[in-house]
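Asks: Provided below for reference: sequence and predicted model.
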Amino acid sequence: NGVSTEARGALIVLEGLDRSGKTSQSSRLLSYLEGLGHSAELWRFPDRTTSVGKMISSYLSNESQLDDHTIHLLFSANRWEKKSLMEEKLKSGTSLIVDRYSYSGVAFSSAKGLDIDWCKAPEIGLLAPDLVIYLNILPEKAAERGGYGGERYEKLEFQKKVAAYYQILRDASWKVMGKDIYIVHTDRQEGNISLLFSGVLFSFSLLPS
Ligand code: TMP
């Protein structure tokens, strides 16, 4: 009769500084959810495969220069262009584990000196995550991890500013961007997370990577 009996998927976002361990924790979480028999996919922003994503990628690798406001809006546009597909996936019961989302958008651009409220504005109306997991790591520790890859933002002094803005967003528990924010210390301790979503209890731990 066309009525889906499957529960909606969960939108789970991982946030943190560059080299904070988001990528490895995302795959760990994916295996965990699949192991429970849930349908899940790994996504990331920026999505460099779209035409907007290619402009972002060329900016990040210093092949092109853009005004700070312009690149901010491109990052946001890159989330907007994926909104309907995200919505479809979630509706059909697939959970999405997303490596970076609006928190990155606001923290990185604010750290460059743009007004934080101006930075938040284009994010309004995007899908709000059910869970944001913030991987907390000292900027110095992150910098030690195999070195940065040389992209535009991968500099210790800048990452320290980004960390300060992430802190501001968490303190404000930015409403648009998440109901539950869990802070996981990747460099020190195990973080245990339990999340009741659509009647299903997700309970997992993220280990130091
Ligand atoms: P990545 O290394 O996770 O692909 O992210 C690329 C860089 O882009 C990273 O330094 C964080 C930054 N970024 C923003 O400045 N704004 C955004 O909206 C996103 C998603 C990433």
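Replies: Cool, the structure landed. Residues are numbered from 1 along each chain as shown.

Asks: Now do the contacts for the residue nearest in space to the middle of the chain.
Replies: For the chain, Arg100 is the residue whose C-alpha lies nearest the centre (CA atoms, centre = their mean; 2.0 Å). Shown in contact with Arg100 (CB atoms under 8 Å, 6 or more residues apart in numbering): 13-15, 22, 44-46. Placement of C-beta: from N, CA and C, glycine included.

Asks: Tell me the helix or strand right after whichever helix in the chain runs longest.
Replies: Using DSSP state H, we find that the single longest helix of the chain is helix 156-171. Remark: after helix 156-171, the chain's next helix or strand is strand 180-185, criterion DSSP states H and E.

Asks: quick one, helices of this protein?
Replies: Assigned helices in the chain, in chain order: 22-35, 51-60, 68-80, 83-91, 102-111, 116-120, 139-144, 156-171 (criterion: DSSP H).

Asks: need the ones you listed in JSON lines with mean pLDDT, distance to Val184 and mean neighbour count, can you?
Replies: Converted to JSON lines, the helices of the chain look like this (pLDDT from 0 to 100; distance: least, CB to CB, whole Å; neighbours: other CB atoms under 10 Å):
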{"stretch": "helix 22-35", "mean pLDDT": "88", "distance to Val184": "8", "mean neighbour count": "17"}
{"stretch": "helix 51-60", "mean pLDDT": "98", "distance to Val184": "25", "mean neighbour count": "17"}
{"stretch": "helix 68-80", "mean pLDDT": "98", "distance to Val184": "23", "mean neighbour count": "18"}
{"stretch": "helix 83-91", "mean pLDDT": "97", "distance to Val184": "23", "mean neighbour count": "14"}
{"stretch": "helix 102-111", "mean pLDDT": "97", "distance to Val184": "14", "mean neighbour count": "24"}
{"stretch": "helix 116-120", "mean pLDDT": "97", "distance to Val184": "24", "mean neighbour count": "17"}
{"stretch": "helix 139-144", "mean pLDDT": "91", "distance to Val184": "14", "mean neighbour count": "16"}
{"stretch": "helix 156-171", "mean pLDDT": "94", "distance to Val184": "12", "mean neighbour count": "16"}
